[in-house]
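S.K.: Quick one: sequence plus predicted model below, questions after.
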Amino acid sequence: MKKKKLNLIYFSPTETTKTIVKAIADGMKIHNVTEINLTKTENIKDYRFNQDDVVIIGVPVYSGRIPLIALQRLERIKANQSKAILVVVYGNRHYDDALLELKNLTKKIGFEIIAASAFVGVHSYSTVDYPIATDRPNNEDLQVAKNLGEQAFSKISGKYLEINVPGNFPYRERSPKLDVKPKTDLNLCDFCGLCKKVCPVDAITILENKIDIDAKLCIYCHACVKICPQNARIIDDERIVAFSKKLHENCQEPRPIEIFI
(Lines give C-alpha, C1' and ligand atoms only; values in the text may rest on other atoms or scores of the structure.)
Protein backbone atom coordinates (compact mmCIF):
# COMPACT_ATOMS: atom_id res chain seq x y z
CA MET A 1 0.00 0.00 0.00
CA LYS A 2 1.27 3.46 -0.88
CA LYS A 3 1.91 5.53 2.22
CA LYS A 4 -1.21 7.40 3.25
CA LYS A 5 -1.68 10.70 5.03
CA LEU A 6 -4.39 11.09 7.66
CA ASN A 7 -6.15 14.45 7.99
CA LEU A 8 -8.52 15.29 10.85
CA ILE A 9 -11.00 17.99 9.90
CA TYR A 10 -13.54 19.14 12.44
CA PHE A 11 -15.79 21.97 13.51
CA SER A 12 -16.01 21.56 17.28
CA PRO A 13 -16.68 24.63 19.45
CA THR A 14 -16.88 22.64 22.71
CA GLU A 15 -14.34 20.00 21.54
CA THR A 16 -16.76 17.06 21.83
CA THR A 17 -16.62 16.33 18.10
CA LYS A 18 -12.85 16.77 18.17
CA THR A 19 -12.58 14.13 20.92
CA ILE A 20 -14.49 11.56 18.85
CA VAL A 21 -12.60 12.33 15.64
CA LYS A 22 -9.27 11.84 17.43
CA ALA A 23 -10.48 8.55 18.94
CA ILE A 24 -11.28 7.28 15.43
CA ALA A 25 -7.81 8.38 14.32
CA ASP A 26 -6.28 6.39 17.19
CA GLY A 27 -7.71 3.25 15.64
CA MET A 28 -6.06 3.83 12.27
CA LYS A 29 -2.54 2.68 11.48
CA ILE A 30 -1.50 5.96 9.89
CA HIS A 31 1.20 7.98 11.64
CA ASN A 32 1.39 10.95 9.27
CA VAL A 33 -1.44 13.00 10.80
CA THR A 34 -2.53 16.61 10.24
CA GLU A 35 -5.27 18.39 12.19
CA ILE A 36 -7.41 21.10 10.62
CA ASN A 37 -9.62 22.76 13.20
CA LEU A 38 -12.26 24.61 11.21
CA THR A 39 -13.66 26.05 14.42
CA LYS A 40 -10.82 28.56 14.36
CA THR A 41 -11.34 31.43 11.94
CA GLU A 42 -7.60 31.58 11.20
CA ASN A 43 -7.86 28.08 9.69
CA ILE A 44 -10.53 29.03 7.16
CA LYS A 45 -9.00 28.68 3.72
CA ASP A 46 -9.05 26.48 0.64
CA TYR A 47 -7.77 22.94 1.23
CA ARG A 48 -6.93 20.34 -1.41
CA PHE A 49 -6.63 16.57 -0.92
CA ASN A 50 -5.51 13.83 -3.29
CA GLN A 51 -5.75 10.06 -3.57
CA ASP A 52 -3.07 9.51 -0.92
CA ASP A 53 -5.11 11.41 1.68
CA VAL A 54 -7.46 9.81 4.17
CA VAL A 55 -9.72 12.33 5.91
CA ILE A 56 -11.89 12.09 9.00
CA ILE A 57 -14.51 14.84 8.88
CA GLY A 58 -16.50 15.64 12.02
CA VAL A 59 -19.25 18.17 12.70
CA PRO A 60 -21.85 18.70 15.42
CA VAL A 61 -25.57 18.59 14.72
CA TYR A 62 -27.65 21.72 15.28
CA SER A 63 -31.40 21.02 15.12
CA GLY A 64 -30.94 18.09 12.78
CA ARG A 65 -28.61 19.83 10.32
CA ILE A 66 -24.94 20.67 9.85
CA PRO A 67 -24.37 24.14 11.34
CA LEU A 68 -24.47 26.63 8.47
CA ILE A 69 -21.11 28.13 9.46
CA ALA A 70 -19.50 24.66 9.40
CA LEU A 71 -21.09 23.91 6.05
CA GLN A 72 -19.67 27.09 4.54
CA ARG A 73 -16.19 26.28 5.80
CA LEU A 74 -16.31 22.70 4.52
CA GLU A 75 -17.41 23.91 1.08
CA ARG A 76 -13.96 25.45 0.60
CA ILE A 77 -12.40 21.97 0.56
CA LYS A 78 -11.75 20.08 -2.66
CA ALA A 79 -10.74 16.42 -2.96
CA ASN A 80 -9.64 14.06 -5.71
CA GLN A 81 -10.92 10.61 -4.77
CA SER A 82 -9.66 11.04 -1.20
CA LYS A 83 -11.07 8.50 1.25
CA ALA A 84 -13.30 9.96 3.97
CA ILE A 85 -14.78 8.79 7.27
CA LEU A 86 -17.75 10.96 8.27
CA VAL A 87 -18.81 11.81 11.82
CA VAL A 88 -21.80 13.74 13.14
CA VAL A 89 -22.24 14.33 16.85
CA TYR A 90 -25.62 15.12 18.37
CA GLY A 91 -26.97 15.76 21.85
CA ASN A 92 -29.10 12.63 22.37
CA ARG A 93 -32.23 13.86 20.55
CA HIS A 94 -31.58 12.81 16.93
CA TYR A 95 -29.29 13.75 14.07
CA ASP A 96 -32.16 13.83 11.52
CA ASP A 97 -30.72 14.83 8.10
CA ALA A 98 -27.24 15.93 9.22
CA LEU A 99 -25.36 12.77 8.26
CA LEU A 100 -27.00 12.62 4.82
CA GLU A 101 -26.22 16.30 4.36
CA LEU A 102 -22.57 15.68 5.25
CA LYS A 103 -22.39 12.68 2.92
CA ASN A 104 -23.87 14.60 0.00
CA LEU A 105 -21.58 17.57 0.57
CA THR A 106 -18.40 15.51 0.82
CA LYS A 107 -19.26 13.49 -2.28
CA LYS A 108 -19.91 16.74 -4.18
CA ILE A 109 -16.47 18.11 -3.32
CA GLY A 110 -14.68 14.93 -4.39
CA PHE A 111 -14.43 12.51 -1.46
CA GLU A 112 -15.07 8.77 -1.56
CA ILE A 113 -16.94 7.79 1.59
CA ILE A 114 -15.67 4.58 3.20
CA ALA A 115 -17.48 4.92 6.55
CA ALA A 116 -20.00 7.15 8.29
CA SER A 117 -21.17 7.46 11.88
CA ALA A 118 -23.44 9.26 14.31
CA PHE A 119 -22.14 9.64 17.87
CA VAL A 120 -23.76 11.12 20.96
CA GLY A 121 -22.11 13.94 22.91
CA VAL A 122 -23.15 16.24 25.71
CA HIS A 123 -25.67 18.72 24.34
CA SER A 124 -24.45 22.30 24.02
CA TYR A 125 -27.63 23.40 25.84
CA SER A 126 -26.93 21.10 28.79
CA THR A 127 -26.85 22.93 32.14
CA VAL A 128 -26.57 22.03 35.81
CA ASP A 129 -30.35 22.42 36.13
CA TYR A 130 -31.13 20.56 32.90
CA PRO A 131 -28.34 18.08 32.10
CA ILE A 132 -28.49 16.47 28.65
CA ALA A 133 -26.17 13.53 27.87
CA THR A 134 -23.50 14.89 30.22
CA ASP A 135 -21.67 11.54 30.33
CA ARG A 136 -21.25 11.25 26.55
CA PRO A 137 -18.96 10.40 24.94
CA ASN A 138 -17.97 7.90 27.61
CA ASN A 139 -15.14 5.36 27.53
CA GLU A 140 -17.30 2.83 25.71
CA ASP A 141 -18.16 5.41 23.04
CA LEU A 142 -14.50 6.21 22.51
CA GLN A 143 -13.67 2.53 22.17
CA VAL A 144 -16.38 2.22 19.51
CA ALA A 145 -14.77 5.19 17.76
CA LYS A 146 -11.36 3.53 17.88
CA ASN A 147 -12.85 0.30 16.52
CA LEU A 148 -14.42 2.30 13.69
CA GLY A 149 -10.97 3.62 12.83
CA GLU A 150 -9.61 0.08 12.66
CA GLN A 151 -12.47 -1.05 10.42
CA ALA A 152 -12.17 1.96 8.14
CA PHE A 153 -8.44 1.42 7.76
CA SER A 154 -9.06 -2.07 6.40
CA LYS A 155 -11.22 -0.56 3.63
CA ILE A 156 -8.80 2.09 2.39
CA SER A 157 -7.31 0.04 -0.43
CA GLY A 158 -10.16 -2.38 -1.02
CA LYS A 159 -13.35 -2.28 -3.05
CA TYR A 160 -16.54 -1.24 -1.30
CA LEU A 161 -20.15 -0.43 -1.98
CA GLU A 162 -21.54 3.07 -1.54
CA ILE A 163 -22.38 3.88 2.07
CA ASN A 164 -26.08 4.50 2.67
CA VAL A 165 -27.07 6.68 5.63
CA PRO A 166 -30.43 7.76 7.07
CA GLY A 167 -31.93 11.13 6.30
CA ASN A 168 -34.35 12.89 4.00
CA PHE A 169 -33.95 15.19 1.04
CA PRO A 170 -35.04 17.95 0.85
CA TYR A 171 -33.47 18.36 4.28
CA ARG A 172 -35.51 19.54 7.23
CA GLU A 173 -35.86 23.31 7.33
CA ARG A 174 -33.26 25.08 9.42
CA SER A 175 -34.46 26.50 12.70
CA PRO A 176 -34.68 30.29 12.56
CA LYS A 177 -31.69 32.05 14.09
CA LEU A 178 -32.59 33.59 17.43
CA ASP A 179 -31.28 37.05 18.20
CA VAL A 180 -29.85 35.93 21.54
CA LYS A 181 -26.47 35.68 23.24
CA PRO A 182 -25.07 34.54 26.59
CA LYS A 183 -24.65 37.33 29.10
CA THR A 184 -21.67 38.06 31.34
CA ASP A 185 -21.70 38.54 35.10
CA LEU A 186 -19.01 41.20 35.43
CA ASN A 187 -18.84 40.57 39.18
CA LEU A 188 -17.44 37.11 38.42
CA CYS A 189 -15.57 37.76 35.18
CA ASP A 190 -11.80 38.26 35.48
CA PHE A 191 -11.37 39.17 31.77
CA CYS A 192 -9.09 36.19 31.12
CA GLY A 193 -10.07 36.17 27.44
CA LEU A 194 -10.76 32.44 27.11
CA CYS A 195 -14.27 33.12 25.83
CA LYS A 196 -12.95 35.28 23.01
CA LYS A 197 -10.34 32.67 22.16
CA VAL A 198 -12.84 29.83 21.69
CA CYS A 199 -15.58 31.74 19.88
CA PRO A 200 -15.84 30.22 16.38
CA VAL A 201 -17.32 33.34 14.79
CA ASP A 202 -15.31 36.13 16.48
CA ALA A 203 -18.45 37.48 18.10
CA ILE A 204 -16.80 38.52 21.40
CA THR A 205 -15.10 41.83 22.07
CA ILE A 206 -13.26 42.43 25.34
CA LEU A 207 -12.68 45.98 26.50
CA GLU A 208 -11.10 47.24 29.70
CA ASN A 209 -14.20 46.76 31.83
CA LYS A 210 -16.75 45.36 29.42
CA ILE A 211 -17.40 42.24 27.36
CA ASP A 212 -19.70 42.43 24.36
CA ILE A 213 -21.14 39.59 22.26
CA ASP A 214 -22.57 40.35 18.85
CA ALA A 215 -25.92 38.54 18.82
CA LYS A 216 -26.05 38.66 15.03
CA LEU A 217 -22.83 36.65 14.82
CA CYS A 218 -23.36 34.36 17.83
CA ILE A 219 -24.37 30.81 16.87
CA TYR A 220 -25.16 29.90 20.48
CA CYS A 221 -22.73 27.00 20.56
CA HIS A 222 -22.09 27.73 24.27
CA ALA A 223 -18.34 27.29 23.90
CA CYS A 224 -17.80 30.49 25.86
CA VAL A 225 -20.19 29.30 28.58
CA LYS A 226 -18.54 25.93 29.02
CA ILE A 227 -14.94 27.17 29.04
CA CYS A 228 -15.40 30.04 31.51
CA PRO A 229 -13.39 29.16 34.66
CA GLN A 230 -15.30 31.74 36.71
CA ASN A 231 -18.80 30.59 35.63
CA ALA A 232 -19.39 34.18 34.60
CA ARG A 233 -21.50 33.30 31.56
CA ILE A 234 -25.26 33.45 32.10
CA ILE A 235 -27.90 31.73 29.97
CA ASP A 236 -31.15 33.47 30.79
CA ASP A 237 -33.06 33.68 27.51
CA GLU A 238 -36.46 32.13 28.24
CA ARG A 239 -36.61 30.34 24.88
CA ILE A 240 -33.23 28.66 25.35
CA VAL A 241 -33.96 27.71 28.95
CA ALA A 242 -37.31 26.24 27.92
CA PHE A 243 -35.65 24.25 25.13
CA SER A 244 -33.02 22.92 27.56
CA LYS A 245 -35.75 21.85 29.94
CA LYS A 246 -37.68 20.10 27.15
CA LEU A 247 -34.59 18.24 25.95
CA HIS A 248 -33.74 17.24 29.52
CA GLU A 249 -37.23 15.82 30.01
CA ASN A 250 -37.60 14.10 26.63
CA CYS A 251 -34.09 12.83 25.92
CA GLN A 252 -33.26 10.84 29.03
CA GLU A 253 -32.87 7.45 27.33
CA PRO A 254 -29.29 7.09 26.05
CA ARG A 255 -29.22 6.75 22.28
CA PRO A 256 -26.84 4.28 20.63
CA ILE A 257 -23.96 5.05 18.33
CA GLU A 258 -24.74 4.31 14.69
CA ILE A 259 -22.01 3.06 12.35
CA PHE A 260 -22.30 2.68 8.57
CA ILE A 261 -19.43 0.84 6.95
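M.R.: Received it, and whenever you're ready, just let me know what you need. Residues are numbered from 1 along each chain as shown.
S.K.: Okay, helices next: where are they in the stretch 1-150 of the chain?
M.R.: 16-26, 68-74, 98-108, 139-153 (DSSP state H, counting those that start in this stretch).
S.K.: Columns mean pLDDT, mean neighbour count and distance to residue 255 on top of those helices, output as CSV?
M.R.: Using the backbone N, CA and C atoms, a C-beta is placed for each residue, glycine as well. Listed next are those as CSV, based on pLDDT from 0 to 100; neighbours: other CB atoms under 10 Å; distance: least, CB to CB, whole Å:
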stretch, mean pLDDT, mean neighbour count, distance to residue 255
helix 16-26, 98, 22, 14
helix 68-74, 97, 18, 21
helix 98-108, 98, 21, 13
helix 139-153, 97, 18, 11
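S.K.: Go through these and name the closest to residue 225.
M.R.: Nearest of these to residue 225, taken as CB to CB: helix 16-26 at 13.8 Å.
S.K.: Show me what that closest one is packed up against.
M.R.: strand 5-10, strand 53-60, strand 82-90, helix 139-153 (3 or more CB pairs under 8 Å, 6 or more residues apart in numbering; DSSP states H and E).
S.K.: Low-confidence ranges, the stretch 1-150 of the chain, go.
M.R.: 1-2 (pLDDT under 70).
S.K.: now the helices of the stretch 1-150 of the chain as CSV including distance to residue 210?
M.R.: As requested, those are exported to CSV (distance: least, CB to CB, whole Å):
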stretch, distance to residue 210
helix 16-26, 30
helix 68-74, 25
helix 98-108, 37
helix 139-153, 40
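S.K.: quick one: which of those is nearest residue 190?
M.R.: helix 16-26 (25.6 Å).
S.K.: what distance separates that closest one from the centre of its chain?
M.R.: 10 Å (CA atoms, centre = their mean, to the nearest Å).
S.K.: now the strands: where do they sit in this structure?
M.R.: Here the chain has its strands, by DSSP state E, at 5-10, 33-37, 47-49, 53-60, 77-79, 82-90, 111-120, 183-184, 204-206, 211-213, 233-234, 258-260.
S.K.: In terms of residue numbering, what are the domains of this structure?
M.R.: According to automatic domain parsing, the chain comprises the domains 5-171+255-260, 183-236.
S.K.: Give me whichever of the ones you listed is most buried.
M.R.: Among the domains of the chain, ranked by average contacts under mean count of other CB atoms under 10 Å, first place goes to domain 5-171+255-260 (a mean of 19).
S.K.: Quick check: end-to-end length of that one?
M.R.: The first residue of domain 5-171+255-260 is 22 Å away from its last residue (CA to CA, to the nearest Å).
S.K.: and residue 178, what does it touch?
M.R.: For residue 178, the contacting residues are 220, 237, 239, 240, by CB atoms under 8 Å, 6 or more residues apart in numbering.
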